[in-house]
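Asker: Got a predicted model here, sequence first, then my questions.
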Amino acid sequence: MATNSTQLFTTTWRNYLPAALLLGALASAMPLAQAEALDQIAVVVNSDVILASEVQQRMQMLRASKAGRGLAGADLTRAAIDELVTERLQAQYAKENGINVDDAMVDQAMESIARQNGMTMRTFPAALQKAGISMEALREQTRRKITADSLRKQMGGGKVAVSDQEVNDLIASQSQKITAGERYHLQHILVVAPNGATIEQVNAARIKAEDLRKRVANGEDFSSVAKQFSDNNAANKGGDLGWQAADALPSSFVRALSLMQVGDISPVVRDPNGFHVLKLLEREGGKRATASESRVRHILISTQKYSPAEAKQKIDALYEQLQAGADFAQLAKANSDDPGSATRGGDLGWAKAGQMVAAFEQTMNNQTLNTVSQPFQTQFGWHILEVLERKQADQSTDQIREKATNYLGGRKEEEQYKAWLQSLRNGAYIDYRMQGAAPNLQLK
């Protein structure tokens, strides 16, 4: 894969504590005395005011930060004023709603800024003054940024939902990056519905494809279904297409494959030829991450149900029966205290790394295939396990889905937060003005 899956979904998050100030780059900074001469009202925000000197200070800070790179003249001024107005509205809302930022939090943030610039709090004030930035102005900005961050979390955190369809759509839009360099061993069922087919023919083909997909997804042999019903040349080979490179496949196939793991059956895929159902038999190439998974079954004797001595006695007796050739599944059904797996003969299905408690996972990973472990203890009680299968499973699909979900959730929270800020502005009295001094600020 040309691009690592962890790099596919990125977004820009504003840093709500001021970034490293790059103080050495401020040779042209305005002296503080000049800034102090500009102390006239620039903007009225409800019952609060923003002074011209504050605008100038914020322009200096923006010049020294990543957020302000490339801004100059009126654009820089507008950016500074916009930040200050937003901060005032947030501070007013926070005060009205009892949200406070204590001095200790501000002190900690200021120390962090100093460290980012290779300074201590003893040397930092002088460096700021030399750069034309007031220590008090930076401290107040920092307090407001922390307040804004708190409000952002309060407004957006945990209140947005991301659907599976949204995740699928985002991954599909990135499918060429995800699948670059990959090759697939595929089985395929085609139900023909070519261009020119009537609506009735297309609907009938879709229904047939959905029915065939349901049959193979429910366990019916894919090869048999393909031989009997598929309309392509590979039908007589059970739909086996052999190995296919991602860049040689239709884009509709690639979008489906980007969401699939080995062994998966695709949803019904539509293209100009009709409706397709794919089964991914093998995958190679690209840069997908893999990890070992084990299919395991166990018997649990609970130490909550029995005393420690009784539980140990019971598990030892079961172990002796297994060593004598007793059927594992039957013993699990009759004796296991794990209700979730007992009815399945103790089968826990496929277990990923980190899914089981440490003692269980360690025993599982060290156990030889198709052999019964000696009794071992976890916080749940005493266990015996057997590893039935192992495989190297593709972990990238899960990682990609998690990253896509986080990206979409973050974007929704950002949109929600911006809408809330706009509602604050819409309900506020804001008067942009500048009288007399500093016409170079180009305020509206």
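Answerer: Great, that's in hand.
Asker: how is the chain carved up into domains?
Answerer: Domain assignment of the chain by automatic domain parsing yields the ranges 14-158+418-441, 181-285, 291-393.
Asker: For L170, which of those domains is the nearest?
Answerer: Comparison of the domains of the chain against L170 by Cβ to Cβ identifies domain 181-285 as nearest, at 10.7 Å. Glycine gets a C-beta too; all of them are placed from N, C-alpha and C.
Asker: average pLDDT for the closest one?
Answerer: For domain 181-285, mean pLDDT is 91.
Asker: what's the answer for stretch 332-352, then?
Answerer: Mean per-residue pLDDT for stretch 332-352: 94.
Asker: which residues sit against that stretch?
Answerer: Contact with stretch 332-352 is made by 291, 293-302, 305, 314, 318, 328-330, 361, 364, 380-381, 388, 391, 393, as judged by Cβ atoms under 8 Å, 6 or more residues apart in numbering.
Asker: and with 6 Å instead?
Answerer: For stretch 332-352, the external contacting residues (Cβ atoms under 6 Å, 6 or more residues apart in numbering) are E293, S294, R295, V296, R297, H298, I299, L300, I301, S302, K305, A329.
Asker: what do you get for stretch 182-191?
Answerer: Residues contacting stretch 182-191 (Cβ under 6 Å, 6+ apart): 205, 208-209, 212, 222, 226, 230-232, 239-241, 243-246, 274-279, 281-286.
Asker: Return the subset of those lying in helices.
Answerer: Counting by DSSP state H, the part of the contacts of stretch 182-191 found in helices is A205, K208, A209, L212, F222, A226.
Asker: Following the biggest helix by length in the chain in sequence, what is the next regular element?
Answerer: Selection of the longest helix in the chain by residue count, based on DSSP H, yields helix 396-426. Sequence-wise, the next helix or strand downstream of helix 396-426 (DSSP states H and E) is strand 430-432.
Asker: Any buried residues in that next one, and which?
Answerer: By neighbour count on 16 or more other Cβ atoms under 10 Å, the buried set for strand 430-432 is empty.
Asker: Can you pick out the most distant pair from the contacts of stretch 332-352?
Answerer: E293 and K305 (29.9 Å).
Asker: and the two? which has more neighbours close in?
Answerer: Neighbour count, other Cβ atoms under 10 Å: between E293 and K305, E293 has more, with 19 against 12.
Asker: in a strand, that's where the more buried one is, yeah?
Answerer: Yes. Counting by DSSP: H, G, I helix; E, B strand; the rest coil, E293 is part of a strand.
Asker: beta partners for it?
Answerer: K391 (DSSP bridges).
Asker: In the stretch 1-150 of the chain, where is pLDDT below threshold?
Answerer: For the stretch 1-150 of the chain, the stretches flagged by pLDDT under 70 are 1-39, 66-70.
Asker: Then the stretch 301-444 of the chain?
Answerer: For the stretch 301-444 of the chain, applying pLDDT under 70 flags the ranges 393-396, 434-444.
Asker: Would you map the helices across it?
Answerer: Using DSSP state H, counting those that start in this stretch, the helices of the stretch 301-444 of the chain run over 308-323, 328-335, 339-342, 358-366, 396-426.
Asker: got it, and the stretch 1-150 of the chain?
Answerer: Ranges of helices in the stretch 1-150 of the chain, per DSSP H, counting those that start in this stretch, are 32-36, 52-63, 73-96, 103-116, 124-130, 135-156.
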